[in-house]
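**Q** mind folding the following:
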Amino acid sequence: MRLASVDADGLAIGLLPAMTLADARAREPDLRVFDAQPHADQDWLERLCDGCGRYTPNAALDGPDGLMLDISGCDHLWGGEEALARDAADRLERYGMRVRHAIAASPEAAHALARFPVPPAPDEAATIRRLPVEALRLEDESAVALRRAGLRTVGDLAARPAATLAARFGAEAVDALHALLGLGHRPLAPRRASPAIRIDRRFAEPIGSTAYALKRLEEMATEAGEQLAERGQGGRRFEAVFFRSDGLAFPLRVETGLPVRDAPSILRLMRERIDALSDPIDPGFGFDMLRLTVPLAEPMAATQLALEGGEARKGESVAALVDRLSIRAGRGRIQRLVPRDSHIPEQAQLALPAVEVRAPADWGPVGEPGDPPLRPIHLFDPPQSIDVVAGVPDGPPHRFRWRRALHDVVRFEGPERIAPEWWRAKDGAIEGDSIGKTRDYYRVEDARGRRYWLFRHGLYGAETPDPGWYLHGLFA
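**A** Presented below is the predicted three-dimensional model:
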């Protein structure tokens, strides 16, 4: 077993990460050891990253123990780069964490300067050249090879021709050197993508009331709606973040079935979401910042108003009801069926969250008015096994027994043959059948006028010597 991390007291007595536990106990017999919990550490780091959204929308994880913030265009809101960095460090230290930070022109340089403190130089480029070769984040073998060659600092490498370094130490060393010197860097991958619209409100005095914070959020929603209207769009997803003065952040997200941009509708959904929370939002010492973003927007045409003042958009009331129910009951609890490209009846539809389906799907032709339906109004999944009497093994049914009741067939239509979907091996399989068989469907009516949907599973002789029969649906 090896040490995953060491605190300041451990470092003071010579303990280092990756040291074996036996060596560590030899140095300090009374050593206190705790099991590493990398998943919990990752979850905590992600929460800290989300909390850093108060400084910039472009916040990313930087390894298992770091955060990377792109503060371009944001530092002036905090009185400069140093003031922003100091505020971030102070907030993190309130949680008992030791923080080392650095500000640089590239992510690679900031990463290295925060982890390898060196004496300051007149400018950033000179400071970077003083960094050890380990700051390049190469494999351990490569760093050892560089030191053996007498190349101990980034400046030593920068003084050598790139072609010579690539030939001896590989192209990775040259690429890492150029990235560290700002000649080219890897793009930052924010934990959350930049939204189409983002509105921030900072307060000189923290807001101690959630109700008042929602009033300010409504003003922000009005501004967001105006921006959406200028673009001819409506929002399908809205996210609000309540930043507390002690560093905690409370995110809220709502989705809509149709694009919307009016503030009352947005706030109504936000209030529904707050009411549905198991733990209410606690303002604590107050909210010092609010953020409203629109991560998903879609085209939204202008709405014609009726003379009596009502809107003529069909389906808006249903969409609003779906939105509210989805928030109260859960996003996946309110569903809508959509067609799926499959010939197998029980595979021909999907149940998706209703907020993901903008409008009722097109299920194809439904026949002429007055014609009997081709598909039953109730489908059994899985189909129910029945006993059938037929004139010949591959003929239509004359009588069948279902749920211990005998039904005489007086009329039938069919067969309608549905072959198995060979590209989906198990579609069409019944009761463990691994490949599926051909189905011959019949629409039948018994002596009491009740109509059923039956099928024979398997071609007689070609696929099975004894085809089974199943009841798949009820027409009426």
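
**Q** gap between residue 175 and residue 115?
**A** 19 Å (C-beta to C-beta, to the nearest Å). Where you see a C-beta, it was placed from the backbone N, CA and C, and this is true even at glycine.

**Q** shaky segments in the protein?
**A** Residues of the chain that meet the criterion pLDDT under 70 lie in 185, 302-316, 358-367, 423-435.

**Q** is residue 385 in a helix, a strand, or coil?
**A** strand (DSSP: H, G, I helix; E, B strand; the rest coil).

**Q** what's the answer for residue 283, then?
**A** coil.

**Q** enumerate every residue touching it.
**A** 206, 207, 208, 209, 210, 213, 242, 244 (C-beta atoms under 8 Å, 6 or more residues apart in numbering).

**Q** repeat that for residue 398.
**A** Taking C-beta under 8 Å, 6+ apart as the test, what residue 398 contacts is 389, 390, 391, 408, 409.

**Q** in CSV, list the C-alpha atoms belonging to the helix or strand where the fourth one lies.
**A** Using DSSP states H and E, residue 408 maps to strand 405-418. Listed in CSV are the C-alpha atoms of strand 405-418, where the atom choice follows Å, rounded to 0.1, in the frame of the first residue of the first chain:
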residue,chain,number,x,y,z
ALA,A,405,-62.7,-18.9,-21.2
LEU,A,406,-63.6,-20.4,-24.6
HIS,A,407,-64.2,-18.1,-27.6
ASP,A,408,-65.7,-19.1,-30.9
VAL,A,409,-64.4,-17.1,-33.9
VAL,A,410,-67.2,-16.0,-36.2
ARG,A,411,-65.2,-13.5,-38.3
PHE,A,412,-61.5,-13.1,-39.1
GLU,A,413,-59.2,-11.0,-41.2
GLY,A,414,-55.7,-12.0,-42.2
PRO,A,415,-53.2,-13.3,-42.1
GLU,A,416,-50.9,-10.2,-41.9
ARG,A,417,-47.4,-11.6,-41.9
ILE,A,418,-44.6,-9.9,-40.0
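
**Q** and that strand, which strands flank it?
**A** strand 397-402 (antiparallel), strand 439-446 (antiparallel) (DSSP bridges).

**Q** and the first one, how far out from the chain middle?
**A** Right, the one you point to is strand 397-402. Averaging C-alpha positions (C-alpha atoms, centre = their mean, to the nearest Å) puts strand 397-402 50 Å from its chain's average.

**Q** how many residues are close by the closest residue to residue 419 other than its chain neighbours?
**A** Using C-beta to C-beta, 6 or more residues apart in numbering and skipping the chain neighbours, the partner closest in space to residue 419 is residue 438 (5.3 Å). Residue 438: 18 surrounding residues under other C-beta atoms under 10 Å.

**Q** likewise for residue 261?
**A** 22.

**Q** same thing with residue 66?
**A** Residue 66: 16 neighbours (other C-beta under 10 Å).

**Q** let me see the contact set for it.
**A** So residue 66 contacts 111, 114, 115 (C-beta under 8 Å, 6+ apart).

**Q** got CSV for those, with secondary structure and distance to residue 472 too?
**A** Formatted as CSV, the contacts of residue 66 follow (DSSP: H, G, I helix; E, B strand; the rest coil; distance: C-beta to C-beta, whole Å):
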residue, secondary structure, distance to residue 472
111, helix, 61
114, helix, 65
115, helix, 65
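
**Q** okay, the helix or strand residue 22 falls within in CSV with CA atoms only?
**A** Secondary structure from DSSP H and E places residue 22 in helix 21-27. Output of helix 21-27 as CSV, limited to C-alpha atoms (Å, rounded to 0.1, in the frame of the first residue of the first chain):
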residue,chain,number,x,y,z
LEU,A,21,3.0,2.7,4.0
ALA,A,22,5.7,0.6,5.6
ASP,A,23,8.3,3.3,5.0
ALA,A,24,6.0,5.9,6.3
ARG,A,25,5.3,4.0,9.5
ALA,A,26,9.1,3.5,9.9
ARG,A,27,9.5,7.3,9.9
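
**Q** which of the residues in it are buried?
**A** For helix 21-27, a neighbour-count test (16 or more other C-beta atoms under 10 Å) marks residue 24 as buried.

**Q** outside of the host helix or strand of residue 39, which residues touch it?
**A** Per DSSP H and E: residue 39 is located in helix 38-51. Helix 38-51 has contacts (C-beta under 8 Å, 6+ apart) with 4, 59-61, 64-65, 67, 91-92, 191-192, 243, 247-249, 251.

**Q** okay, now the closest residue to residue 21 other than its chain neighbours: neighbour count?
**A** Nearest-residue entry for residue 21: residue 1, 4.4 Å, with adjacent residues in sequence omitted and distances by C-beta to C-beta, 6+ apart. The number of residues packed near residue 1 is 10, by other C-beta under 10 Å.

**Q** wait, what's in contact with residue 128?
**A** Counting by C-beta under 8 Å, 6+ apart, residue 128 has contacts 104, 109, 112, 113, 154, 180, 181.

**Q** how far away is it from residue 178?
**A** Distance from residue 128 to residue 178, by C-beta to C-beta: 12 Å.

**Q** before we move on, back to that, heading C-terminal from the helix holding residue 39, find the next helix or strand.
**A** Assigned by DSSP H and E, the successor of helix 38-51 is strand 59-61.

**Q** output the contacting helices and strands for that following strand.
**A** Here strand 59-61 touches helix 38-51, strand 67-69, going by 3 or more C-beta pairs under 8 Å, 6 or more residues apart in numbering; DSSP states H and E.

**Q** tell me which of the ones you listed sits nearest to residue 293.
**A** helix 38-51 (12.6 Å; C-beta to C-beta).

**Q** in which helix or strand would I find the most centrally placed residue in the chain?
**A** Among the residues of the chain, the one closest to the centroid is residue 192, at 9.7 Å (C-alpha atoms, centre = their mean). For residue 192, there is no helix or strand it lies in under DSSP H and E.
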